[in-house]
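J.: From the sequence below, what's the structure:
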Amino acid sequence: QVQLVESGGGLVQAGASLRLSCAISGRTFTMGWFRQAPGKEREFVARITSPGFTTYYTDSVKGRFTISRDSAKNTVYLQMNSLKPEDTAVYYCAGQRSPIVDASTTPTAYDYWGQGTQVTISS
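T.: I've put the predicted structure just below:
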């Protein structure tokens, strides 16, 4: 049974940085980060494939966020720099069970989900 556990969220000021971690128990392939702000739908943020570690980002975070993966630790990270108030959301880690990459950015492309970690950016 796959389990995903996020950590690293918090309250920071605009312009600051945070690094989210997602500890993975079990076998997954492509991993992604999503976020959900109050009253909004869950939106795709970034993904990283495995193997290959190809990355893809939504436009609003390109150049500010970096997704990475440590295979030895079975952990995925989301380094978030130059944070903005509009980045405020609950951030979720998600995983795909198939080795064939589903490039869709919809939540239904992912089979496993963590519980989420709150990120709040003050202006």
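J.: Any figure for the gap between the closest residue to Pro99 other than its chain neighbours and Ser123?
T.: Leaving aside its chain neighbours, Pro99 sits nearest to Phe29 (4.9 Å; criterion: Cβ to Cβ, 6 or more residues apart in numbering). In this view, the C-beta of every residue, glycine as well, is placed from N, C-alpha and C. Distance of Phe29 to Ser123, given as Cβ to Cβ, to the nearest Å: 38 Å.
J.: Who has more neighbours out of these two?
T.: Remark: of Phe29 and Ser123, Phe29 carries more neighbours, 18 against 9, as counted by other Cβ atoms under 10 Å.
J.: On the pLDDT front, check that one for me.
T.: Looking at Phe29, its pLDDT reads 96.
J.: doesn't Ser50 make contact with it?
T.: Yes: using Cβ atoms under 8 Å, Phe29 makes contact with Ser50 at a distance of 5.2 Å.
J.: what do those two both touch?
T.: Counting by Cβ atoms under 8 Å, 6 or more residues apart in numbering, no residue touches both Phe29 and Ser50.
J.: Pull the contacting residues for the residue most central in space within the chain.
T.: The C-alpha lying nearest the average C-alpha coordinate of the chain belongs to Trp33 (Cα atoms, centre = their mean; 2.0 Å). By Cβ under 8 Å, 6+ apart, the contact list for Trp33 reads Leu20, Cys22, Val45, Ala46, Arg47, Ile67, Val76, Leu78, Tyr91, Tyr92, Cys93, Ala94.
J.: Three-state assignment for it, please.
T.: strand (DSSP: H, G, I helix; E, B strand; the rest coil).
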